[in-house]
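Participant: Below are the sequence and a predicted model for it; my questions follow.
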Amino acid sequence: MTKGAETRSVYIVGAGQLGSRHLQALKAVGLPLSITVVDPSEASLRTARERYEGIPSVQTHAVRYLTEVPASFEPIDVAIIPSNSNVRRMIVEKLLSRGTVRSMVLEKLLFDQKDDYAEVRDLFSKNGVRAWVNCSMRTMPLYAGLRTLFQGTPFTYMVTGSQFGLVTNAIHYIDHMAFLSGGSRFSLDTSMLHHPPIESKRKGFLEINGTLTVRFENGCAGVFTCFPDGDLPVMIEIASAVTRLISREWERKAWIAKSGEGWAWQEVEAAIPYQSQMTALVVGDLLTRGACDLVPYEESMQLHLQMLEPLREFLEARGGGKQEHYPFT
């Protein structure tokens with residue numbers, strides 16, 4: 001910590017399961033922080049406080065817990081918005097109507113209405129907000145390091161597992177494919193998805209099982225399969241003509257084989273950081289260099305819409321009636 005460092009302002013709006021993990025992470029930020037946690041639920045705020053106070057800290061931060069965004073506030077250095085998709089735009093608008101926000105980190109899935117994506121982009125532009133989306137695979141040491149192995153060559157990207165939340169997690173894999181390949185344009189094949197959809201773990205939202213197929217214009221392809229039952233752990237396999245990776249996150253292990261090395265498997269470190277660890281790095285980067293390694297909002301917006309529009313059409317075509325929104329989070 002720098003002696004006499006200026007106290008920086010961080011807001012977390014949404015203190016649910018994920019929001020409380022973001023809050024815990026801030027204990028590892030070495031710069032002094034003034035933290036404001038906002039959630040309409042007193043119970044969620046209590047849980048967040050208990051989790052925050054239950055871990056050791058490297059720095060003493062000032063923390064306050066509110067049920068409403070203040071009517072006015074001093075400039076916020078970093079705002080983290082881990083709410084559900086159906087209220088995120090309202091939160092962004094409320095913050096920007098009441099004060100200055102320099103940087104913002106939004107959880108995925110971003111919004112449940114198509115128009116929200118462009119309108120929030122325009123709000124960020126108008127208010128000079130730098131925004132990123134928490135698709136975090138590109139910040140994890142194992143997955144970030146694969147870029148030098150797979151960029152510039154077509155690859156297949158396969159994910160298999162049981163009951164892992166196909167739609168909510170597919171954006172992570174699509175974002176990682178975009179990061180590895182340098183591409184951003186793709187089509188989504190929904191023909192192997194199961195119908196009807198199922199209730200999400202988050203009340204009021206839906207999930208879908210089955211297989212999603214992604215085809216990028218640069219020749220890369222993804223196949224993501226979620227079985228509706230069983231306890232098959234999620235496994236990721238990425239393969240090009242010259243490199244193959246298998247990641248078994250539940251074992252914290254991965255293996256890489258290369259053509260030039262006779263396809264001999266090499267075990268590599270595959271520790272997947274907890275959200276409470278990753279947030280500290282992201283916030284630290286934003287406060288010290290004004291940027292981070294997450295996907296910028298504009299890029300993530302395009303990836304989201306290319307995924308969500310075909311899913312909306314899938315629901316309509318299967319007798320779901322006119323879908324005015326994306327029922328996912």
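Facilitator: Yes, it's here. Just so you know, these numbers come straight off a predicted model, no measurement behind them.
Participant: where along the stretch 201-329 of the chain do the helices fall?
Facilitator: Using DSSP state H, counting those that start in this stretch, the helices of the stretch 201-329 of the chain run over 275-289, 297-315.
Participant: Least confident of the ones you listed, on average?
Facilitator: For those, mean pLDDT drops lowest on helix 275-289, to a mean of 93.
Participant: buried sites along that helix?
Facilitator: For helix 275-289, burial by neighbour count (16 or more other CB atoms under 10 Å) applies to Q275, S276, M278, T279, A280, L281, V282, V283, G284, D285, L286, L287. C-beta here means a position set from N, CA and C on the backbone, and glycine is covered the same way.
Participant: centre of the chain versus that helix, how much separation?
Facilitator: 14 Å (CA atoms, centre = their mean, to the nearest Å).
Participant: which residues are contacting it?
Facilitator: The contact list for helix 275-289, computed with CB atoms under 8 Å, 6 or more residues apart in numbering, reads 8, 10, 18, 21-22, 24-31, 77-78, 80, 103, 105, 132, 134, 136, 139-140, 291-294.
Participant: Can you list which of those residues are found in helices?
Facilitator: L18, R21, H22, Q24, A25 (DSSP state H).
Participant: ok, the fourth one to L311 distance?
Facilitator: In this view, Q24 and L311 are 32 Å apart by CB to CB, to the nearest Å.
Participant: and what of K108?
Facilitator: The gap separating K108 from L311 is 14 Å, by CB to CB.
Participant: burial of the closest residue to M192 other than its chain neighbours, as a residue count?
Facilitator: Nearest residue to M192, sequence neighbours excluded (CB to CB, 6 or more residues apart in numbering): T211, at 4.0 Å. Neighbourhood size, T211 [other CB atoms under 10 Å]: 18.
Participant: show me the contacts for T211.
Facilitator: Taking CB under 8 Å, 6+ apart as the test, what T211 contacts is M192, L193, V223, F224, T225, C226.
Participant: Can you get me a residue count around the third one?
Facilitator: When neighbours are defined as other CB under 10 Å, V223 has 17 of them.
Participant: And the fourth one, by the same measure?
Facilitator: Applying other CB under 10 Å, we find 24 other residues in the vicinity of F224.
Participant: Enumerate every residue touching it.
Facilitator: F224 sits next to M158, V159, L166, N169, A170, Y173, T211, L212, T213, V214 when contact means CB under 8 Å, 6+ apart.
Participant: Report the secondary structure state of I35.
Facilitator: strand (DSSP: H, G, I helix; E, B strand; the rest coil).
Participant: ok, for it, nearest residue in space, not its chain neighbours?
Facilitator: V63 (4.5 Å).
Participant: What ranges does the stretch 151-300 of the chain have for its strands?
Facilitator: Assigned strands in the stretch 151-300 of the chain, in chain order: 156-162, 186-193, 198-199, 206-207, 210-216, 221-227, 235-239, 243-248, 253-258, 266-269, 295-296 (criterion: DSSP state E, counting those that start in this stretch).
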